[in-house]
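A.B. asks: what's the 3D shape of this:
(chains A, B, C and D)
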There are 2 protein chains.
Amino acid sequence: MKVTGKRSDCPIGCSLDVWGDKWTLLIIRDLMEANGRTYGDFLKSPERIATNILASRLQALEENQLVVKLEHPDSKAKVLYKLTQKGIDLLPIMVEINLWAEKYFTIPEDRKAMLEEVKKDKDGFIKKMTKHLIASNEN
Amino acid sequence: MKVTGKRSDCPIGCSLDVWGDKWTLLIIRDLMEANGRTYGDFLKSPERIATNILASRLQALEENQLVVKLEHPDSKAKVLYKLTQKGIDLLPIMVEINLWAEKYFTIPEDRKAMLEEVKKDKDGFIKKMTKHLIASNEN
DNA sequence: TTTTGCACTTGCAATTTGCAAGCAAAGGTA
DNA sequence: TACCTTTGCTTGCAAATTGCAAGTGCAAAA
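C.D. replies: Numbering: from 1, shown residues only, chains lettered A, B, ... in the order given. Below is the predicted model:
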């Protein structure tokens, strides 16, 4: 998919630049699992994103301020990618996608366990996770 | 974007066949606004989907049972596309996407009005809309 | 019987993807 | 200090996908 496009082009009222494709979703999912990842971390994901695609998607995410690029505390050679507030705010969408996927597909056990918690108290879960993600940005 | 791919390839635990891209989202959005649309109706959407892309996306949606193809009551030359229950169940995701978009972008006035209702009672809104969509499938 | 409308299909150039290889800067090791 | 490794990309290229325009076949209207 072309990752360019005007805001008016997008069926959901915001640019596809921002919302993105499968690989964009993968990056966001990974960052929600552990906010603060290196380029190499993304490459290690089981979905095997190609390095040029990863670079282009990270650039688009940064340009759209869903993600920020920070210095890694361990080394100047490394880079830390983190979700911004705008990126963290995608959490409710990710939760709903997962609830839908659980209803119609077989999903991994660990994700199922997480969804049990969601089903007990969705708002509580989202608040807790959001807080957690914000906190991981502050050190 | 390739609309093929194995379930295991998808970052959210379900095939991208099913979730799809920008154009897939557009089709689903249109069907949620008015369930029961013809091929030509989709082509008339302001986003200007190309006819070959529309055909390929509708086929994928049908294969994945998010959408069904029915006879049009008015004419044999026409086709009616409708959301299935599986498609209707994407509503909570669409709602969250719209809430997010409203927070970070300028969205059309009519959509804003709808979101006011959502913000008052999200669960109520989703139940009402779901009922409405299911009802439109029964005649 | 001709024309129009509708739902696609086809052909083709341009763009994007996916894979492999390359590369520069930083860090570690001898 | 010289040399290898790690890290974060970039580049080249074949194959796949998109976007545009034109065409096709069937149904209904005129």
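
A.B. asks: only C-alpha atoms from now on, for both contacts and neighbour counts.
C.D. replies: Noted.

A.B. asks: how about the residues of chain A near DNA strand D?
C.D. replies: A:1-2, A:38-41, A:51-52, A:55-56, A:77-80 (C-alpha under 7 Å from any atom of the strand).

A.B. asks: if we go to 10 Å?
C.D. replies: Contact residues, chain A versus DNA strand D (C-alpha under 10 Å from any atom of the strand): A:1-5, A:9, A:37-44, A:50-59, A:69-72, A:74-81.

A.B. asks: take those residues and keep only those in helices.
C.D. replies: When those are checked against helices (DSSP state H), the matches are A:39-43, A:51-59.

A.B. asks: in CSV: those residues, plus pLDDT and neighbour count.
C.D. replies: Formatted as CSV, these follow (pLDDT from 0 to 100; neighbours: other C-alpha atoms under 10 Å in any protein chain shown):
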residue, pLDDT, neighbour count
A:Y39, 97, 15
A:G40, 97, 12
A:D41, 96, 12
A:F42, 96, 20
A:L43, 96, 15
A:T51, 96, 13
A:N52, 95, 9
A:I53, 94, 12
A:L54, 96, 20
A:A55, 96, 13
A:S56, 93, 13
A:R57, 92, 21
A:L58, 94, 22
A:Q59, 93, 15
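
A.B. asks: name whatever forms a beta bridge with the closest residue to A:K69 other than its chain neighbours.
C.D. replies: In this structure, A:K69 finds its nearest non-sequential neighbour in A:Y81, 4.7 Å apart by C-alpha to C-alpha, 6 or more residues apart in numbering or on different chains. Going by DSSP bridges, A:Y81 is paired in beta bridges with A:R37, A:K69.

A.B. asks: ok, A:Y81 - contacts?
C.D. replies: By C-alpha atoms under 8 Å, 6 or more residues apart in numbering or on different chains, the residues touching A:Y81 are A:N35, A:G36, A:R37, A:T38, A:Y39, A:V67, A:V68, A:K69, A:L70.

A.B. asks: and the residue nearest the centre of chain A?
C.D. replies: By C-alpha atoms, centre = their mean, chain A has its centre lying nearest to A:I28, at 1.2 Å.

A.B. asks: for the helix or strand that one falls within, which outside residues touch it?
C.D. replies: Here A:I28 sits within helix A:22-33, counting by DSSP states H and E. With contact meaning C-alpha under 8 Å, 6+ apart, helix A:22-33 is reached by A:37, A:42, A:49, A:53-54, A:57-58, A:61, A:82-83, A:87-88, A:91, A:94, A:133, B:10-12, B:16, B:21.

A.B. asks: near chain B, anything from stretch A:48-67?
C.D. replies: No - applying C-alpha under 8 Å from any C-alpha of the partner chain, one finds stretch A:48-67 out of contact with chain B, separated by at least 8.6 Å.

A.B. asks: just the CA trace of that stretch, in CSV.
C.D. replies: Extracted C-alpha coordinates of stretch A:48-67, given in CSV (Å, rounded to 0.1, in the frame of the first residue of the first chain):
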residue,chain,number,x,y,z
ARG,A,48,9.9,-11.1,9.6
ILE,A,49,9.5,-7.6,8.4
ALA,A,50,11.9,-6.6,5.6
THR,A,51,14.5,-4.1,6.7
ASN,A,52,13.7,-1.6,4.0
ILE,A,53,10.0,-1.8,4.8
LEU,A,54,10.7,-1.4,8.5
ALA,A,55,12.8,1.7,7.8
SER,A,56,10.1,3.3,5.7
ARG,A,57,7.3,2.5,8.2
LEU,A,58,9.3,3.8,11.2
GLN,A,59,10.0,7.0,9.2
ALA,A,60,6.3,7.4,8.4
LEU,A,61,5.4,6.8,12.1
GLU,A,62,7.9,9.3,13.2
GLU,A,63,6.7,11.9,10.7
ASN,A,64,3.2,11.4,12.0
GLN,A,65,4.3,11.6,15.5
LEU,A,66,3.1,8.3,16.6
VAL,A,67,6.6,7.3,17.5
